[in-house]
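Trainee: Starting from these lines, generate the structure:
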Amino acid sequence: MSHSKKKDTSNHWLYDATWFKERMFNVFGEVVPTEDVSYESVLLEREEIDEGIIAREDLNRLPNPLLTQTFMFVDKNADEWLLMIVIDEHDGKLLLETWMKNGKVILTNQDDKKES
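Mentor: Numbering: from 1, shown residues only. Sure, this is the predicted structure:
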């Protein structure tokens, strides 16, 4: 009889409610209960992305289609937080991160790259 041990050999990052909770705290100092986080993953074509969320110049640098994951959280002040990330579908690397609060973009990881 043979026994095999399976182990996860994937080096993909896991973007889930716990990751969002930690990211929200590290970026904004907001404490988020994981059970209050909703999220989904969607494959989108570049043309489906609003340029108010991701600038066209940034979109053109990303793969097409885009593997996106969106997280949403409503805080105790009824402010709606939304984080949209674009992930490399092959290695799980985070390619883009855009934060919105009450429907307005407040931070993107592309902001730092534009200033350099």
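
Trainee: Which helix or strand contains residue 105?
Mentor: Using DSSP states H and E, residue 105 sits in strand 104-108.

Trainee: so where do the helices sit in this structure?
Mentor: 17-28, 56-59, 110-115 (DSSP state H).

Trainee: As TSV, those with distance to residue 35, mean neighbour count and mean pLDDT would be great.
Mentor: Every C-beta, even on glycine, is put in place using the N, C-alpha and C of the backbone. Listed next are the helices of the chain as TSV, based on distance: least, C-beta to C-beta, whole Å; neighbours: other C-beta atoms under 10 Å; pLDDT from 0 to 100:
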stretch	distance to residue 35	mean neighbour count	mean pLDDT
helix 17-28	8	16	94
helix 56-59	32	14	87
helix 110-115	31	10	46
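
Trainee: Distance to residue 47 for those helices - can I get that in TSV?
Mentor: Listed next are those as TSV, based on distance: least, C-beta to C-beta, whole Å:
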stretch	distance to residue 47
helix 17-28	27
helix 56-59	9
helix 110-115	19
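
Trainee: Name whatever forms a beta bridge with the residue nearest the centre of the chain.
Mentor: Centroid-nearest residue in the chain, with C-alpha atoms, centre = their mean: residue 85, separated by 2.5 Å. Listed by DSSP bridges, the beta-bridge partners for residue 85 are residue 69, residue 97.

Trainee: For it, list the residues it contacts.
Mentor: Residues in contact with residue 85 (C-beta atoms under 8 Å, 6 or more residues apart in numbering) are 15, 68, 69, 70, 71, 94, 95, 96, 97, 98.

Trainee: Drop anything exposed from these.
Mentor: 15, 68, 69, 71, 95, 96, 98 (16 or more other C-beta atoms under 10 Å).

Trainee: so what's the second one up against?
Mentor: Okay, so that is residue 68. Residue 68 makes contacts with 41, 42, 43, 44, 84, 85, 86, 87, as judged by C-beta under 8 Å, 6+ apart.
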